[in-house]
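>>> I would like the atomic coordinates for the input below:
(chains A and B)
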Amino acid sequence: LAKTTQPISMDSYEGQEVNITCSHNNIATNDYITWYQQFPSQGPRFIIQGYKTKVTNEVASLFIPADRKSSTLSLPRVSLSDTAVYYCLVGMDTGRRALTFGSGTRLQVQP
Amino acid sequence: NAGVTQTPKFQVLKTGQSMTLQCAQDMNHEYMSWYRQDPGMGLRLIHYSVGAGITDQGEVPNGYNVSRSTTEDFPLRLLSAAPSQTSVYFCATGTRGTYEQYFGPGTRLTVT
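As a prediction, this is how the structure comes out:
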């Protein structure tokens, strides 16, 4: 699986848009980019997945440039409940794959 | 549907004791995995299974055994507990064709 690099922590205020960037210079042609969210004392929760360009769902948007060496998770108008750790993962469903989590980005949203 | 369930929620063991952490799912997913998460760290894969009767080692398998006799259940056995195994253990399931996995609520294990 491709190695990923994310900021260790970020701070924001309620109502702001938050962008978390993940670097994955060694991403392979068949790799997808997936983001998970984890609240304290809970298991991670799938947020969004993409391959190229832009993906949007009811929770977030994922921007992937043409070279796919990085990706940006965008959380619109964050609230206190978005305070969590966000993990970027890169890989593919090979049939025997497993998830490799890095340390993630700890997002703290202030009132 | 219960999704992914784990028992127990909390457990305290003495060094050298053995125990089994239970994981069950009702989503008929092929993939099941066990992760551990140490305080302030990301998750590390212990063992995983791509179907009944098939298991494989992850990043940190030493001290743990698994078996997968049914699609629904994937127990994790600690053979001889050590303080280094104090952690939160998460079970996860997934299905072919997607990278999305579903995590259970976790088991918080303390080894003294």
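
>>> switch to C-alpha atoms for all contacts and neighbour counts from now on
OK.

>>> now for the closest residue in space to B:Gly104 that isn't next to it in sequence: which residues touch it?
Excluding its sequence neighbours, the residue lying closest to B:Gly104 (CA to CA, 6 or more residues apart in numbering or on different chains) is B:Val4, at 4.8 Å. Applying CA atoms under 8 Å, 6 or more residues apart in numbering or on different chains to B:Val4 gives the contacts B:Cys23, B:Ala24, B:Gln25, B:Asp26, B:Cys91, B:Ala92, B:Thr93, B:Tyr102, B:Phe103, B:Gly104, B:Pro105.

>>> for B:Val4, name its beta-bridge partners.
For B:Val4, the beta-bridge partners under DSSP bridges are B:Gln25.

>>> if I look at it, how far off is A:Asp31?
Separation of B:Val4 from A:Asp31 (CA to CA, to the nearest Å) stands at 26 Å.

>>> swap in B:Met41?
Note on B:Met41: its distance to A:Asp31, by CA to CA, is 24 Å.

>>> what do you get for B:Met32?
For B:Met32, the distance to A:Asp31 - CA to CA - is 21 Å.

>>> swap in A:Gln110?
35 Å.

>>> more crowded one of those two?
The neighbour comparison of A:Gln110 against A:Asp31 (other CA atoms under 10 Å in any protein chain shown) goes to A:Asp31, with 20 against 13.

>>> show the pLDDT at A:Ala84.
Listed pLDDT for A:Ala84 reads 97.

>>> swap that for A:Asn26, sorry
Model confidence at A:Asn26 (pLDDT) stands at 88.

>>> what kind of secondary structure is it in?
coil (DSSP: H, G, I helix; E, B strand; the rest coil).

>>> what does the one 4 residues further on give?
Here A:Asn30 is recorded as coil under three-state DSSP.

>>> next, count neighbours for it.
Neighbour number of A:Asn30 under other CA under 10 Å is 11.

>>> backbone torsions only: list them for it.
phi -90, psi 0 (degrees, to the nearest 10).

>>> how near is it to chain B?
12 Å (CA to the nearest CA, to the nearest Å).

>>> mind checking how far that residue is from B:Gly51?
From A:Asn30 over to B:Gly51 the distance is 23 Å, taken as CA to CA.

>>> could you find the closest non-adjacent residue to whichever residue of chain B sits closest to chain A?
Residue of chain B nearest chain A, by CA to the nearest CA: B:Gly42 (4.4 Å). Excluding the flanking residues, the one nearest B:Gly42 by CA to CA, 6+ apart is A:Ser103, at 4.4 Å.

>>> quick one: what helix or strand has the one you found in it?
A:Ser103 belongs to no helix or strand when elements are defined using DSSP states H and E.

>>> count the neighbours of it for me.
What A:Ser103 shows, counting by other CA under 10 Å, is a neighbour count of 18.

>>> again with B:Ile46
24.

>>> check the nearest residue in space to B:His29 that is not next to it in sequence and give its pLDDT.
Take B:His29 and drop its neighbours on the chain: the residue closest to it by CA to CA, 6+ apart is B:Thr95, 5.1 Å away. What the model reports as pLDDT for B:Thr95 is 84.
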